[in-house]
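**Q** show me the folded form of this:
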Amino acid sequence: MKKSLVLLLTLVLAFTLAACGKSNNSESSGSPSDPASESTDNGAGSDLSGTILAAGSTALQPLVDQVSKKFMDKNSGVTVTVQGGGSGGGLTQVQAGQADIGNSDIFAEEKFKDADADKAKELVDHQVAVVSIAAVANPKANVDGLTKQQLVDIFTGKITNWKDVGGADQAIVLVNRPASSGTRKTFEKYALGETSQDLPGSIQEDSSGTVRKLVAETPGAIGYLALSYLDDSVKALKYDGVEATADNVAAGTYPVWAYEHMYTKGEPNAAVKALIDFVLSDEIQNSDVTELGYIPIGKMQVTRDVTGAVTKK
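**A** Now for the predicted structure:
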């Protein structure tokens, strides 16, 4: 009787130890129900949570806005808010800790210079795409392209009628961007080669969408837009005979382009990093980026530094 009881207890103990060992092995290898063991594919992860504010460039805004919606579908615990306001505003907000991401068409070093140079050093640059900018005119101006010098003369007020550049007899109406605009800085740096003036009678608008609407509806108007904002309502003008196309930008033959930056102050937290990684993923670079008129980083055959110097890859 005693032998049978001892044998029974031994069997029960052995079964219990085996079950515990199996349970421990399952947990250590990672089970599907364990959130910590779930993989994060293209920024998706059920363990991510928090809120993200991305502010700044209106040229980059369409991409960040569209991709953020996809990101939130994959990460229900994260809320992303995307705001415009211009590259300068975005850089100022992220540097001051008022935004998690500063969307910008310019390098931080172009915004924070001289006494503020140390502010740029605190920001981490994440280049997510390339934006190209074209001069655009009201279609009735009847002009297909302009030279660099003609653009300079128009934006400095030396040329005031379209007939002087081969177009219709129509007064030119300038639609410019504010000084804080990264689009303006890019256009001035790479299209004009100098700073443009806020001339009397010119229109100044901060939003790319509003610029497009004004140029389309105002007789004689000229402005400039990122390719992501182009449509049939405005006429994109050739620059020194070269069209503003993704292929020409990638090859380095069309010079009016800039990197699209998503700056963070220091290294980003997990949720912000996941969002930026998602923007840089093949899924987004090969679909949303190209569909919205940007150029994928990996497609560029040239690089550009903060001074504007271009180098072949």
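
**Q** Three-state assignment for V128, please.
**A** Using DSSP: H, G, I helix; E, B strand; the rest coil as the criterion, the local structure at V128 reads strand.

**Q** what packs against the strand or helix carrying T79?
**A** Applying DSSP states H and E as the criterion places T79 in strand 78-85. Contacts defined by 3 or more CB pairs under 8 Å, 6 or more residues apart in numbering; DSSP states H and E place strand 78-85 against strand 50-56, helix 61-74, helix 270-280. Glycine gets a C-beta too; all of them are placed from N, C-alpha and C.

**Q** tell me which residues in it are buried?
**A** Within strand 78-85, the residues that qualify as buried are V78, V80, V82, Q83, G84, G85, counting by 16 or more other CB atoms under 10 Å.

**Q** one more: stretch 104-114?
**A** S104, D105, I106, F107, A108, E109, E110, K111, F112.

**Q** then stretch 149-161?
**A** Within stretch 149-161, the residues that qualify as buried by neighbour count (16+ other CB under 10 Å) are Q150, L151, V152, D153, I154, F155, I159.

**Q** still on that earlier bit, model confidence over the strand holding T79, on average?
**A** Throughout strand 78-85, pLDDT has a mean value of 96.

**Q** partner strands of it, with direction?
**A** The sheet places strand 78-85 alongside strand 50-56 (parallel), with pairing taken from DSSP bridges.

**Q** could you pull up the mean pLDDT of the partner strand?
**A** If you average the pLDDT over strand 50-56, you get 97.

**Q** give me the low-pLDDT residue ranges for this protein?
**A** 1-46 (pLDDT under 70).

**Q** which residues of it fall in helices?
**A** Counting by DSSP state H, the chain has helices at residues 2-29, 61-74, 87-95, 108-111, 117-121, 148-155, 182-187, 208-217, 246-251, 270-280, 282-285, 288-291.

**Q** nearest to A55, out of these?
**A** Counting by CB to CB, A55 lies closest to helix 87-95 out of the helices of the chain; the figure is 4.8 Å.

**Q** quick one: that closest one to chain centroid distance?
**A** The gap between where helix 87-95 is centred and where its chain is centred comes out at 14 Å by CA atoms, centre = their mean, to the nearest Å.

**Q** output stretch 118-125 as PDB, nothing but the C-alphas.
**A** What follows is stretch 118-125 as a C-alpha-only set of coordinates in PDB (Å, rounded to 0.1, in the frame of the first residue of the first chain):
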ATOM      1  CA  ASP A 118      24.100  75.400 -31.600                       C
ATOM      2  CA  LYS A 119      20.300  74.900 -32.000                       C
ATOM      3  CA  ALA A 120      20.800  73.100 -35.300                       C
ATOM      4  CA  LYS A 121      23.300  70.700 -33.600                       C
ATOM      5  CA  GLU A 122      20.600  69.500 -31.200                       C
ATOM      6  CA  LEU A 123      18.400  68.300 -34.100                       C
ATOM      7  CA  VAL A 124      18.600  65.000 -35.900                       C
ATOM      8  CA  ASP A 125      18.100  65.000 -39.600                       C
END
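
**Q** which outside residues touch that stretch?
**A** By CB atoms under 8 Å, 6 or more residues apart in numbering, the residues outside stretch 118-125 that reach it are 91, 94-95, 102, 107-109, 111-112, 261, 263-268.

**Q** ok, now stretch 177-185?
**A** 56-59, 86-89, 104-106, 110, 133, 176, 187, 196, 204-206, 208, 211, 224-226, 258.

**Q** pull out the buried positions in it.
**A** Taking 16+ other CB under 10 Å as the criterion, stretch 177-185 shows R177, S180, S181, G182, T183, R184, K185 as buried.

**Q** quick check: the third one vs V64, distance?
**A** To tie it back to what came earlier, the one meant is S181. Taking CB to CB, to the nearest Å as the criterion, S181 is separated from V64 by 17 Å.

**Q** contacts only, for the one residue sitting closest to the centre of the chain.
**A** Relative to the mean C-alpha position of the chain, the nearest C-alpha, by CA atoms, centre = their mean, is the one of L60, at 3.7 Å. Neighbour list for L60: N103, S104, D105, V128, A129, V131, E260, M262 [criterion: CB under 8 Å, 6+ apart].

**Q** measure how buried the last one is and give me the count.
**A** Put plainly, it is M262. Burial of M262, expressed as a neighbour count using other CB atoms under 10 Å, amounts to 29.

**Q** ok, now which ones touch the nearest residue to it once chain neighbours are set aside?
**A** Setting aside the residues directly before and after it, M262 is nearest to H126 in space (CB to CB, 6 or more residues apart in numbering), at 4.5 Å. H126 makes contacts with H261, M262, Y263, T264, P268, I276, L280, as judged by CB under 8 Å, 6+ apart.

**Q** right, I'll leave it there.
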